[in-house]
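[1] Have a look at this prediction, sequence included:
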Amino acid sequence: MQTTTDDAPSPVSLEVAKAGYLAAAAREHWISVVSLILFLVIWELICRFEIIGPYQLVPPSEILGVFVDKLSEPNPDGALLQQHAWASLSLALAGFGAAVCIGVPLGLLMGWYKPVNLLVRPLFDAVRPIPPIAWIPIAILWLGIGIHAKAFIIFLAAFVPCVINSYTGIRLTNPVLIRVARIYGASNFETFRKIGIPSAIPMVFTGIKLSLNAAWTTLVAAELLAASQGLGYMIQLGRRLARPDIIIVGMLAIGLLGALMSWGLTRIEARFASSRRLS
Amino acid sequence: MKKRLATALALLLAGAFMVAGFTPPCASAADKPEIRTSAQPCLHGMPLWYAEKANWLANAPFTNKFMLFASGAPQVEALAADQWDVGAMGALPTMMASMRYGYKFIGISNDESETNDLWVRPDSPLLKNKGVNPKLPDVYGSPDDWKGRKVLATTVSTGHYALTATLAALGLKDTDVSLVHMEQGQAVTAFNAGEGDVIQLWAPFSYIAEAKGWKKVSSGHKAGVVILGGIGVRKDFAEKFPDLVVDWLDVYMRGIEMMKTEPGKSVEPLLNYFTGYCGLELTRDQVEKEFKYRPLYDVNEQVRLLEDPAKTAAWMDGVARFMLTQGRITAKEYDRYVKSNYGIDPSFMKKLAERRAAAK
C-alpha cells in the first residue's frame, strides 16, 4: 500500500504535466490559426495584385462582404442566403436521416444474421457502385421533381457508408464476448442487442460521419434536379452568371453547415461513448 | 559504368522520341498558328468542324483546334481561363462573357428566337385561347390560363427570356407562374412523367417535344423578342491577332453561308455533326427543321445588322434588360455593358466584307 503511494505522481508533478500539455495544445492551436490567417492573407494579396483576375477569384474581404449582404439581398440568385441554407439543410437532413434510419439497422442485421446478408448483399453490391447522379432521371420518373426525388439522391449517397460501416463494425465484435454471452444463456437476439450493437457503435458513428459528408457532397448534384432555392442552386446560378463570389459564398455556407452538423454528431458520439463506458 | 551510360543514353533517346512525337509532323502545318475554336452541340458549332472534314482549312493561314462544350456556362468558364480564342454561343453567355471578360461579339451565328420555345401537352387548357394580345397573335392562352401554371424552365437562359416575354405579352410576370428551374434533358424527362404544365425548351430538345406530340404555345419570336446566337473572340486574341480573326471568320462564314444557301446539301453534314460527333440522337427530319427555324445571315447582312443600333444592339439590350429586371445583373453592370456597345465589334466582319469585295 505504502509502495503504491510512493509510486503515484505527486500533485505538483501532475500540475506541471497538465501545464505542459495545455501549453503544447495552445501552441498547436496557434499553428492552425496562423496557417489559416496566412492562407487568407496570400489569397487576399493574389486578388489585390490581380495575379488572378477579379472575375476568376474574389478576395476573402469581399467574400465576407457578399456573405453579409446575402443575408438581406436576394439578388442575383433570387433568395436570401438563409433561405438557400434552410432549403439545403432540410434536403440534406431528409436524405441523410433516411439513410441513417435504414442503413444502420440494415448493416447491423446483415453483419449479424447470415440469411439477411445473403438476401440483401447481392442487391446492395449491385447498387453501391452506381453514382447517385446517375439516378436522377429514374428519380424524376419515380418520385417527380419535389423534395422526395432530391432527398432520394442524397439518401443513395449517404446510405452506402452507413451500411458498410455498420456491417463491418458488428462483424468485428469480439468473439470471446459472444461466447461468454452464449455460455450465460443469452439468446442470439440478446447477444446481438447487448454485445454486437454496443461494440459496433464506434464504426457505426464513423459510417454516419462519412454519410453526412456524402450527403453534403451530393447536395449540389441533387439540386440540379429541380430547384428554385438551395445552396447548390445558388452555386449553379453563380456559375451561369460568372460570379465567383456567389459560388464561393455558397461553398462556404455548405462548409459551415456541414462542419456544424459534423460537430453535433461528434458531440452525440461522445455522449454515446461515455454512456457505453459507464454501462 | 557502361550500364549506366547505356541507360542514360536510352532515356535520352526515349525523351527525344517523345518530344518528336509531340511535334507536329507536318512542317507546313507547324508554321501555321493554331486557333482554338469553341463550339456547342448546336447548328452554330458546325462550321469549323465541317471545315476540317471538307478540307477548307488546307489553304487557311491557321490550324484549328476544335473544342466542344455542353453549354454556355462551361464555355464562358473556359474563356475566363484562356482556354479558347474564338467560338459561338448563345446570347446570354455571349453577354456574360462580354460583361465580365471583355469578349468581343463579332458576328451573328443564327437567329434563335423561334427555337427558344414553350410547350404544353395536347390536352392543356392553354390551347383554348390564342392571340389574346392582338399584337402577338401566335401566343396561346389568356392571362387566366397562364396564372399559377407550373413551368419547368432553365432559368437565367435565353429560354427564360422567351418565357418572360410571353408572360409580359399577356400582362403577367414570372411571379404569376410557378417557375421550377431544371436543365433541359431533365425537364423533358419530368414533363414526360407528368410533371409541370408548361415546359421551356430550345432546339434540339424542341424537336423531341414536337415528336412527342406536345404543342408549342409560344417562342421568343412569337412573343416579339429577338434572341441571337453570337460569334465572338477573346479580347486579348482579337487585339493581338486581328487579321487571324478575319481569316478564321472567313472560314466560319463559309459554313454559315453554305447552310443558308444550300440547306439541302447541309443536312447530311449537320446530321453527322450532331449524331456522329456530338452524340445527340436526332433524325434527318429534325435536322431539316434547324434550317427552317433558324434564320442565317451572310457577311453583308451581318455588317448591316451589327452596325444598325436598332438591330443587334437593341436585341442585346433586350436580353440585358431582362437580366437587369430579374436582378441577375446590377444597374452598374448594365450601364457598363451599354457603354461598351454590348461588346459588339463589327470591324472584323467589315474587314471580311472588304476583303471579299476586293477579291471579286
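    Nice, I can see it.

[2] Burial check on residue A:127, number of neighbours?
    12 (other C-beta atoms under 10 Å in any protein chain shown). Every residue, glycine included, has its C-beta placed from N, CA and C.

[3] Give me the contacts around stretch B:164-174.
    Residues outside stretch B:164-174 that contact it (C-beta atoms under 8 Å, 6 or more residues apart in numbering or on different chains): B:118, B:132-133, B:135-136, B:139, B:141-143, B:146-147, B:163, B:176-177, B:217-218, B:220, B:222-225, B:322, B:326.

[4] Buried only: go through the residues you listed for me.
    B:118, B:132-133, B:136, B:139, B:141, B:146, B:163, B:177, B:217-218, B:220, B:222-225, B:322, B:326 (16 or more other C-beta atoms under 10 Å in any protein chain shown).

[5] Check residue A:4 and give its pLDDT.
    For residue A:4, the pLDDT comes out at 46.

[6] no, scratch that, I was asking about residue A:274
    71.

[7] Let me see the contact set for the closest residue to chain A within the stretch 201-350 of chain B.
    Nearest residue of the stretch 201-350 of chain B to chain A, counting by C-beta to the nearest C-beta: residue B:327, 3.5 Å away. Residue B:327 makes contact with A:74, A:75, A:76, A:78, according to C-beta under 8 Å, 6+ apart.

[8] Could I have the buried ones of those residues as ChimeraX selection syntax?
    Filtering the contacts of residue B:327 down to the buried ones (16+ other C-beta under 10 Å) takes a single ChimeraX command:
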select /A:76,78
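
[9] which residues touch the residue nearest the centre of chain A?
    The residue lying closest to the centre of chain A (C-alpha atoms, centre = their mean) is residue A:212, at 2.9 Å. Residue A:212 makes contact with A:96, A:158, A:258, A:261, A:262, A:265, according to C-beta under 8 Å, 6+ apart.

[10] Roughly how far does it sit from chain B?
    Look at residue A:212 and chain B: by C-beta to the nearest C-beta, to the nearest Å, they are 26 Å apart.

[11] picking that back up, please report the distance of the residue of the stretch 201-350 of chain B closest to chain A from residue A:224.
    Separation of residue B:327 from residue A:224 (C-beta to C-beta, to the nearest Å): 22 Å.

[12] cool, and residue B:357?
    49 Å.

[13] Name the SS class of the closest residue to chain B within chain A, please.
    Closest residue of chain A to chain B, C-beta to the nearest C-beta: residue A:75 (3.5 Å). Following DSSP: H, G, I helix; E, B strand; the rest coil, the label given to residue A:75 is coil.

[14] Quick check: closest non-adjacent residue to it.
    Spatially, and ignoring its direct neighbours in sequence, residue A:75 is nearest to residue B:327 (3.5 Å; C-beta to C-beta, 6 or more residues apart in numbering or on different chains).

[15] cool, residue B:79 as well?
    Residue B:79 sits nearest to residue B:97 (C-beta to C-beta, 6+ apart), 5.6 Å away.

[16] and that neighbour, helix, strand or coil?
    The local conformation at residue B:97, judged by three-state DSSP, is helix.

[17] wait, isn't it in contact with residue B:232?
    Yes. Applying C-beta atoms under 8 Å, one finds residue B:97 in contact with residue B:232, separated by 6.7 Å.

[18] what sits in contact with each of the two?
    Shared between the contact lists of residue B:97 and residue B:232 (criterion: C-beta under 8 Å, 6+ apart) are residues B:89, B:103, B:343.

[19] Any stretches of the chain with poor pLDDT?
    Let's take chain A. In the predicted model, chain A carries pLDDT under 70 at residues A:1-9, A:275-279.

[20] actually chain B
    B:1-30.

[21] Could I get the full set of strands for it?
    Taking DSSP state E as the test, the strands found in chain B are B:34-39, B:63-68, B:86-90, B:104-111, B:116-120, B:150-153, B:178-181, B:198-202, B:215-219, B:228-233.

[22] Show me the contact partners of the longest one.
    The set of residues that contact strand B:104-111 without belonging to it, under C-beta under 8 Å, 6+ apart, is B:43-44, B:88, B:94, B:98, B:226-235, B:238, B:245, B:249, B:252-253, B:256, B:294-297, B:302, B:305-306, B:312, B:316, B:342-349.

[23] Among the residues you listed, which lie within helices?
    Residues from these lying in helices, with DSSP state H as the criterion: B:94, B:98, B:235, B:238, B:245, B:249, B:252-253, B:256, B:302, B:305-306, B:316, B:347-349.

[24] could you flag which of the contacts of strand B:104-111 are buried?
    Buried among these (16+ other C-beta under 10 Å): B:43-44, B:88, B:94, B:98, B:226-235, B:238, B:245, B:249, B:252-253, B:256, B:294-297, B:302, B:305-306, B:312, B:316, B:342-349.

[25] near chain A, which residues of chain B show up?
    Counting by C-beta under 8 Å from any C-beta of the partner chain, the residues of chain B lying close to chain A are B:72-73, B:76-77, B:80-81, B:96-97, B:99-101, B:152, B:155-157, B:179-183, B:185-186, B:189-190, B:193, B:195-196, B:326-330.

[26] So which of those sit within helices?
    B:72-73, B:76-77, B:80, B:96-97, B:99-101, B:185-186, B:189-190.

[27] Excluding chain neighbours, what is closest to the most centrally placed residue in chain B?
    In chain B, the centroid-proximal residue (C-alpha atoms, centre = their mean) is residue B:89; its distance is 2.9 Å. Nearest non-adjacent residue to residue B:89, counting by C-beta to C-beta, 6+ apart: residue B:72, 4.8 Å away.

[28] I figured the one you found was touching residue B:42, is that so?
    No. When contacts are counted by C-beta under 8 Å, residue B:72 is not listed as touching residue B:42 (10.1 Å).

[29] Among the two, which residue is more densely surrounded?
    residue B:42 (26 against 22).

[30] got a list of what residue 76 touches?
    I'll assume chain A. By C-beta under 8 Å, 6+ apart, the contact set of residue A:76 is A:237, A:241, A:243, A:246, B:326, B:327, B:328, B:329.

[31] try chain B instead
    With C-beta under 8 Å, 6+ apart as the criterion, the residues that contact residue B:76 are A:242, B:89, B:93, B:96, B:97, B:100, B:101.

[32] Which residue, other than its chain neighbours, is closest to the third one?
    Take residue B:93 and drop its neighbours on the chain: the residue closest to it by C-beta to C-beta, 6+ apart is residue B:72, 2.9 Å away.

[33] I'd like the distance from that neighbour to residue B:222, if you could.
    Counting by C-beta to C-beta, the gap from residue B:72 to residue B:222 is 23 Å.

[34] likewise residue A:188?
    Counting by C-beta to C-beta, the gap from residue A:188 to residue B:222 is 71 Å.
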